[in-house]
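Colleague: Generate coordinates for the sequence data below:
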Amino acid sequence: MIQRKLNTVFIPVFNLKESVDWYGKVLGFEIDPVQYKEIGELPVYTFQMGETSLTLEVEKGFTPPVSNVPICNFHTTQIEKVREDFHEKKVTFESGIITFPDFSYFNFRDINGNLLMICTG
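Modeller: Coordinates of the predicted model:
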């Protein structure tokens, strides 16, 4: 029986080590030193993020998707601070902060060109 739980989100990448480093530096995700040593032997790297994990997966001949829909979003309660931090880290933005009565978001691209979102709701 399928459970009502999202287990992991897969994000395709061109270079696993560079991508793990980028997600660690830009998004502040903790890098597991044991798993990091195995880069090159395995085609994936998984960031543990609570109940749902984020898995970067090497795709040979990867080209970024042309979709305007983000793969996933990351939650924050300080969207302006995150955007300022991303600006300092030279992240590519795809939108300004879009605000609605109960949430705000902005879209950005990772080092591989994948479209992602930061969201308050």
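
Colleague: residues making contact with the helix ranked longest in the chain?
Modeller: Counting residues, the longest helix found in the chain (DSSP state H) is helix 16-27. Identification of contacts with helix 16-27 by C-beta atoms under 8 Å, 6 or more residues apart in numbering yields 13, 29-31, 36, 39-40, 43-45, 47, 54, 56, 58, 74, 86, 89, 91, 110-112. Every C-beta, even on glycine, is put in place using the N, C-alpha and C of the backbone.

Colleague: please redo it, this time with the cut-off set to 10 Å
Modeller: Outside helix 16-27, the residues within contact range by C-beta atoms under 10 Å, 6 or more residues apart in numbering are 11-13, 15, 29-32, 35-36, 38-40, 42-47, 54, 56-58, 74, 82, 85-86, 89-91, 108, 110-112, 114, 116, 118.

Colleague: Just the ones of those residues in strands?
Modeller: Judged by DSSP state E, the contacts of helix 16-27 include 11-13, 44-47, 54, 56-58, 74, 108, 116, 118 as members of strands.

Colleague: Can you tell me which of the residues you listed are buried?
Modeller: Listed as buried from these are 11-13, 45-47, 54, 56-58, 74, 108, 116, 118; burial here means 16 or more other C-beta atoms under 10 Å.

Colleague: what sits against the residue lying closest to His87 once chain neighbours are set aside?
Modeller: Nearest residue to His87 in three dimensions, chain neighbours excluded: Phe93, at 7.8 Å (C-beta to C-beta, 6 or more residues apart in numbering). Neighbouring residues of Phe93 by C-beta under 10 Å, 6+ apart: Arg83, Phe86, His87, Phe106, Asn107, Phe108, Arg109.

Colleague: Kindly report the same for Lys89.
Modeller: Applying C-beta under 10 Å, 6+ apart, one finds that Lys89 lies in contact with Trp22, Lys25, Val26, Leu27.

Colleague: tell me the pLDDT at the third one?
Modeller: Pointing back at Val26 there. As predicted, Val26 sits at a pLDDT of 97.
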